[in-house]
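J.: A structural model of the following input is requested.
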Amino acid sequence: MDEQPSDRTRLVVGLGNPGRRYERTRHNVGFRVADALGRMWRVGSWRSAFGGRLAEADVERPPDRRQVKLLKPETFMNASGAAARQVADYYRVAVEDVLVVLDDMALPLGTLRARPDGSAGGHKGLADVLRAFGTEAVPRLRIGIGQPPEQMAGEDYVLAAFGEDDQSVIAPAIEAAAQAVEDWLFDGLAAVMDKYNRPAETDRD
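T.: Got it, this is the predicted structure:
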């Protein structure tokens, strides 16, 4: 098993847009996973820092423990990279110890897909993170939100709320994604890919 050393700080970056207007939109599943992790890890509070909302957790899976920073950039999706890079630099988090969590229209609704690197695949938030770090080798966990219906622009689709039927699929997917993040902390990305990626899906990165 690809266990990770315990003496390094990890950074989990959930992508989304700030404000109540965007809370339940498809583009904000990254924020929702970060919130789920905050509940799961019982973080004390979120504070404003580095252009985002930041929380800290000591996550235990006896006999191991991991130190983690949780970040929700508040610079809006297309400018997410600066906050992520600032937190990584301040806490000396290596790029391989960063995990970006985001939505993906190319994946079926509720599907999870982890990768260690690759292009942004058209996702502007991830693209900005890759620019900020100066590399495509930024680990990411994508959550499928499905394709927009015909005659609906992608920009409108991601900024719309999930329908009731979709919500019944995405809600458990968010919880599964939170568990996948914790598995990444202790078992490594390769183990997460083996456990959560659907081998039948093709990848566009």
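J.: Which residue is the nearest non-sequential neighbour of residue 84?
T.: Computed as C-beta to C-beta, 6 or more residues apart in numbering, the closest residue to residue 84 that is not its neighbour in sequence is residue 13, at 4.7 Å. (Glycine included, C-beta is placed from N, CA and C.)
J.: can you tell me which residues contact the one you found?
T.: For residue 13, the residues meeting the contact criterion (C-beta atoms under 8 Å, 6 or more residues apart in numbering) are 30, 71-73, 80, 84, 87, 98-101, 129.
J.: Which ones among these map onto strands?
T.: Counting by DSSP state E, the members of the contacts of residue 13 that fall within strands are 71-73, 98-101.
J.: Closest one of the residues you listed to residue 122?
T.: Residue 122 has its nearest neighbour among the ones in strands among the contacts of residue 13 in residue 100, at 14.8 Å by C-beta to C-beta.
J.: beta partners for that closest one?
T.: Beta-bridge partners of residue 100, counted by DSSP bridges, are residue 13, residue 140.
J.: quick one, what contacts it?
T.: By C-beta under 8 Å, 6+ apart, the contact set of residue 100 is 13, 15, 30, 84, 126, 129, 138-141.
J.: Apply 7 Å and report the result again.
T.: 13, 15, 126, 129, 138, 140 (C-beta atoms under 7 Å, 6 or more residues apart in numbering).
J.: Show me which of those residues is closest to residue 65.
T.: Distances from residue 65 to the contacts of residue 100, taken by C-beta to C-beta, are shortest for residue 13, at 21.1 Å.
J.: Give me the mean pLDDT for stretch 180-193.
T.: Computed over stretch 180-193, the mean pLDDT rounds to 97.
J.: Ok, stretch 149-163 next?
T.: Averaged over stretch 149-163, pLDDT sits at 90.
J.: Which member of the ones in strands among the contacts of residue 13 is positioned nearest residue 185?
T.: When the ones in strands among the contacts of residue 13 are compared for distance to residue 185 (C-beta to C-beta), residue 99 comes out closest, at 8.7 Å.
J.: Verify the stated contact: the closest one with residue 138.
T.: No: in this structure residue 99 lies outside contact range of residue 138 using C-beta atoms under 7 Å: 8.5 Å.
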